[in-house]
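Peer 1: Okay, predicted coordinates and the sequence, questions at the end:
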Amino acid sequence: MGSDDGRIEVHIKIGSNSRKVTETFNLKVPEELHHGNEFKSSVYNLEWIIRTISSLKSSAVVTQPLDVRSQVGLRAQKALDLYA
């Protein structure tokens, strides 16, 4: 999951609003990324990626690593529970 310098590589799938996703992750070739495409991103802060994916709602989902995907899901469930 992590690298020697502390980065975490995550695989992210675009669900919708590809422009917002490409701008958020500063992707260099946004016109080539559309709904359903997947890309890799390296992040240093696990909390940042969880918050960022959560804020994008269904525009992007983490597909790998599974523990990060699960943490995003738990964060979403906690938010939903606040309204139950």
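Peer 2: Cool, the structure landed.

Peer 1: going forward, measure contacts and count neighbours with C-alpha atoms only.
Peer 2: Fine.

Peer 1: Which helix or which strand is home to Val61?
Peer 2: If you go by DSSP states H and E, Val61 is part of strand 60-64.

Peer 1: now do Tyr83
Peer 2: Under DSSP H and E, no helix or strand contains Tyr83.

Peer 1: Mind pulling up the pLDDT for it?
Peer 2: Listed pLDDT for Tyr83 reads 90.

Peer 1: Then Thr22?
Peer 2: At Thr22, pLDDT is 89.

Peer 1: Give me the spatial nearest neighbour of Arg69, chain neighbours excluded.
Peer 2: Val62 (5.3 Å; CA to CA, 6 or more residues apart in numbering).

Peer 1: Correct me if wrong: the one you found contacts Gly15.
Peer 2: No - if you go by CA atoms under 8 Å, Val62 and Gly15 don't touch, sitting 10.4 Å apart.

Peer 1: of those two, who's got more company?
Peer 2: Val62 (25 against 18; other CA atoms under 10 Å).

Peer 1: still on that earlier bit, mind listing the strands the strand holding Val61 pairs with, and their directions?
Peer 2: strand 8-14 (antiparallel) (DSSP bridges).

Peer 1: buried ones in the next helix or strand after the partner strand?
Peer 2: Heading C-terminal from strand 8-14, the first helix or strand you meet, by DSSP H and E, is helix 18-24. For helix 18-24, burial by neighbour count (16 or more other CA atoms under 10 Å) applies to Ser18, Val21, Thr22.

Peer 1: mind listing what the first one touches?
Peer 2: So the one you mean is Ser18. Ser18 sits next to Pro30, Leu33, His34, His35, Ser59 when contact means CA atoms under 8 Å, 6 or more residues apart in numbering.

Peer 1: try 7 Å this time
Peer 2: For Ser18, the contacting residues are Leu33, His34, His35, by CA atoms under 7 Å, 6 or more residues apart in numbering.

Peer 1: if we can go back for a sec, I'd like to know which of the buried residues of helix 18-24 is nearest to Val72.
Peer 2: The nearest member of the buried residues of helix 18-24 to Val72, counting by CA to CA, is Val21 at 16.2 Å.
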